[in-house]
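> only geometry, no sequence info:
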């Protein structure tokens, strides 16, 4: 399992901002197992914004050698 650093999350949130995607990623770290959740920052986050955000997250973490696994609601995710 790859460990995601706080700086990675800062960089990820900066990337989302640069792509004008109104979302923010947060990290949880409990007992050595990391998980992440996605916060929508605006009411205008429609279906297309979510699709673009999921693609951007896949690319961002893919560049770091990680694959994302989303929860059923696609608000929480893990990297492996």
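Thanks, I have the structure now. These numbers were taken from a predicted model, which means no experiment stands behind them.
> wasn't residue 9 part of a helix?
Yes. Looking at residue 9 with DSSP: H, G, I helix; E, B strand; the rest coil, it is inside a helix.
> please name the nearest non-neighbouring residue to it.
residue 27 (5.1 Å; C-beta to C-beta, 6 or more residues apart in numbering). For every residue, glycine as well, the C-beta is placed using N, CA and C.
> shaky segments in the chain?
Along the chain, segments meeting pLDDT under 70 span 1, 32, 43-45.
> quick one: the helices in it?
For the chain, the helices defined by DSSP state H cover 6-18, 47-62.
> and those helices as CSV, adding mean neighbour count and distance to residue 35?
Putting the helices of the chain into CSV (neighbours: other C-beta atoms under 10 Å; distance: least, C-beta to C-beta, whole Å) gives the following:
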stretch, mean neighbour count, distance to residue 35
helix 6-18, 14, 12
helix 47-62, 15, 13
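> save these as a markdown table, and put in distance to residue 74 too.
Below are the helices of the chain laid out as a markdown table (distance: least, C-beta to C-beta, whole Å):
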| stretch | distance to residue 74 |
| --- | --- |
| helix 6-18 | 15 |
| helix 47-62 | 7 |
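> re earlier: my guess is the residue nearest to residue 9 contacts residue 3, does it?
No. Look at residue 27 against residue 3 with C-beta atoms under 8 Å: they stay out of range, at 10.6 Å.
> of those two, who's got more company?
Shown here are residue 27 and residue 3; by other C-beta atoms under 10 Å, residue 27 has more neighbours (14 against 9).
> distance check, the more buried one against residue 20.
From residue 27 across to residue 20, the span is 22 Å (C-beta to C-beta, to the nearest Å).
> now residue 61
20 Å.
> repeat for residue 34
27 Å.
> out of the two, which sits in the busier spot?
For residue 34 versus residue 20, neighbours defined as other C-beta under 10 Å are more numerous around residue 34 (15 against 8).
> OK, contacts around the residue lying closest to the more buried one once chain neighbours are set aside?
Spatially, and ignoring its direct neighbours in sequence, residue 34 is nearest to residue 4 (5.8 Å; C-beta to C-beta, 6+ apart). By C-beta atoms under 8 Å, 6 or more residues apart in numbering, residue 4 lies in contact with 27, 34, 36, 61, 64, 66, 79.
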